[in-house]
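>>> Sequence and predicted structure below; questions after.
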Amino acid sequence: MAFPTPDTPDTSDTPDTSDTPDARRLAAAREALAAAERAARAPGGGSAEDLPATEGPGIAPARSRSRSAAATEGSDAGAGAAAADPEQLARQIVLRQLSVGPRTRKQLADKLRGRGCEEEVAQRVLDRMTEVGLVDDESYAEMFVRSRRETKGLATPALRHELRQKGVPDEVAERVLQEVQPEHERASAEALVARRLRTMHGLDREVQTRRLAGFLARKGYSAGLSYEVIRDALLQAEEHRRD
């Protein structure tokens, strides 16, 4: 069965892995991508067994490639051979997605399904990618949680919802979210309120409270924690000290 040539990877909502402990693992995944694509372009193509493992000793970090280079490099190489080998083409689709950044198994399965890949072929390819460490839902969840907490200040309920949307299994999400300490979550809420409160100077205290509560609710914070943080912030606010 032949299906279309792999398309450009979707770069939307990719966890930021720069300057994190997981950057080394992602670099190793890119090295695996390069090795696999070299094997695919070689006479006789290649197989899933040609993929190097991405964890353990002896893995050297690869030089980061730009997204544009990752999306275009080798886009036409081996297209004819891949068209005659659905499993090879499925690997190429997955590897191009992973060249941009981590993906959950479900995201990759959905991509393959959308490209017309048979379920059995997709499962074999994804099983092998999981085996060598290129697909790892737990590592993805760890990076996603860290990124969304740092950039968006999301609380655990919002993170849980987003992980489910990305296809992370609930049991994996819960293991990762257990690492979020309550004091860290409170500190995030305090930082969010402090920044937002600077834009509300001069508003009535009740208006500030209502808007801040809505803001934190959208970030996933509980009503109890939200009102504690807001109360404390308003008590310390210079404009309200005369009260």
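Looks like it arrived, so ask away. Numbers count the residues shown, from 1 in each chain.

>>> Return the helix or strand in this protein with minimum mean pLDDT.
helix 67-72 (a mean of 42; mean pLDDT, DSSP states H and E).

>>> Could I get the full set of helices for the chain?
Taking DSSP state H, the helices of the chain run over residues 23-41, 67-72, 79-83, 86-100, 105-114, 119-131, 137-152, 156-165, 170-177, 182-197, 205-218, 223-236.

>>> Just say which of the ones you listed is most tucked in.
Most buried of these, by mean neighbour count (mean count of other Cβ atoms under 10 Å): helix 86-100, with a mean of 24. From N, CA and C alone the C-beta is placed, and that goes for glycine too.

>>> quick one, that one and helix 105-114 angle?
Inter-element angle recorded for helix 86-100 and helix 105-114: 130 degrees (by axes from the mean of the first three to the mean of the last three Cα atoms, to 10 degrees).

>>> Look up how far Asp204 lies from the spatially closest residue to Ser226 that is not a sequence neighbour.
Leaving aside its sequence neighbours, Ser226 sits nearest to Leu216 (Cβ to Cβ, 6 or more residues apart in numbering; 4.1 Å). Leu216 sits 19 Å away from Asp204, going by Cβ to Cβ, to the nearest Å.

>>> Arg96 too?
54 Å.

>>> do Glu150 as well
Distance, Glu150 to Asp204, by Cβ to Cβ: 32 Å.

>>> for the closest residue to Ala191 other than its chain neighbours, phi and psi?
Excluding its sequence neighbours, the residue lying closest to Ala191 (Cβ to Cβ, 6+ apart) is Gly153, at 6.8 Å. Geometry field for Gly153 lists phi and psi as phi 70, psi 30, criterion degrees, to the nearest 10.

>>> is it true that Gly153 touches Lys219?
Yes - under the criterion of Cβ atoms under 8 Å, Gly153 makes contact with Lys219 at 5.8 Å.

>>> any residues in contact with both of those two?
Common neighbours of Gly153 and Lys219, counting by Cβ atoms under 8 Å, 6 or more residues apart in numbering, are 189, 192.
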